[in-house]
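Asks: Could you work out the structure for the sequence below:
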Amino acid sequence: MVHPSVIESSIAKLGFRPGRWFKPEIRELEHVLMDDEEIISLACGRYYGSFALLVATDKRLLLVDKRVFFTSIQDTRYDMISEIDYNSQALGSTVTIHTMNKIHKFNSLKHKRQLRELTTYVQRRVWEFRQQQSITTSQMPRFTVAAVPQSQPTALQPVDLYAVTDEPAGHLALTGQVVQAARKIGPAATQAAHLNQYSQGSLITHRPLSSNLDY
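Replies: Now for the predicted structure:
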């Protein structure tokens, strides 16, 4: 919160004298401005049929509308402004502010010079932000994506899973094709390729004793 005396001192240095209709907006600035924020230019006028105060600071553009039981504060950053137009007539001047999602129109009858100075300052700040963005974009590294040639699918050769070699009886040996096929087909083929660990030993059977043996 900025003290009201600081705001009044800044307005006095600019040579600006707001009318009594805009004192509520001036008092509202103490709740809106930050401690390190500086008022550059301001103008009084009408906004959507109501009195409002347009303030340009070193950080943003503020539109303050303070009425009985109603307060509207439009906070527009300079990097959000896409276009600002100034139009002067015999009975007043108009500023049109274009942002990404809104269009603001502000009319002033007695503060044509202040509104022109405010428009010039805002245009300069918008141009500075555009220059910074262009420099940052030009300094960013550029990456190129190389095209990867697509390999043609190769047809799988038929493999006999039951092929065996000439080995001694009781010994089964898998060929190299069976091992390669087991790796490609998956766990099912791998389980089929494993040898039975009990096929290497001798088979022992137990038969029950006959009941008619003589002791």
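Asks: pull the longest helix from this structure.
Replies: helix 112-139 (DSSP state H).
Asks: Could you spell out which stretches of the protein belong to which domain?
Replies: As given by automatic domain parsing, the domain ranges for the chain are 4-135, 160-195.
Asks: What is the end-to-end distance of the longest one?
Replies: Start-to-end span of domain 4-135 (CA to CA, to the nearest Å) is 40 Å.
Asks: mean confidence for that domain?
Replies: Domain 4-135 shows a mean pLDDT of 88.
Asks: oh, and call the first residue 10 from now on, that's how I've got it
Replies: Got it, first residue is 10 now, which makes that one domain 13-144.
Asks: Buried ones in stretch 82-90, by neighbour count?
Replies: For stretch 82-90, the neighbour count (16 or more other CB atoms under 10 Å) marks 83, 85, 87, 89, 90 as buried. The C-beta positions use only the backbone N, C-alpha and C, and glycine is treated the same way.
Asks: tell me the two of these that are most distant?
Replies: The span of the buried residues of stretch 82-90, defined through CB to CB, is set by 83 and 87 at 13.6 Å.
Asks: the helices in the chain, which residues?
Replies: 13-22, 32-41, 121-148, 185-194, 196-202.
Asks: Mean confidence (pLDDT) on the fourth one, please.
Replies: This points to helix 185-194. Mean predicted lDDT for helix 185-194 stands at 53.
Asks: Give me the subset of the buried residues of stretch 82-90 that lies in strands.
Replies: With strands taken from DSSP state E, the overlap with the buried residues of stretch 82-90 comprises 83, 85, 90.
Asks: Beta-bridge partners for the last one, please?
Replies: Note on residue 90: beta-bridge partners by DSSP bridges are residue 108.
Asks: Then the second one?
Replies: Using DSSP bridges, the beta-bridge partners of residue 85 come out as residue 70.
Asks: Go ahead and confirm it touches residue 106.
Replies: Yes: taking CB atoms under 8 Å as the definition, residue 85 is a contact partner of residue 106 at 6.8 Å.
Asks: Could you pull out the residues contacting both of these two?
Replies: Jointly contacting residue 85 and residue 106 under the rule CB atoms under 8 Å, 6 or more residues apart in numbering are 70, 113.
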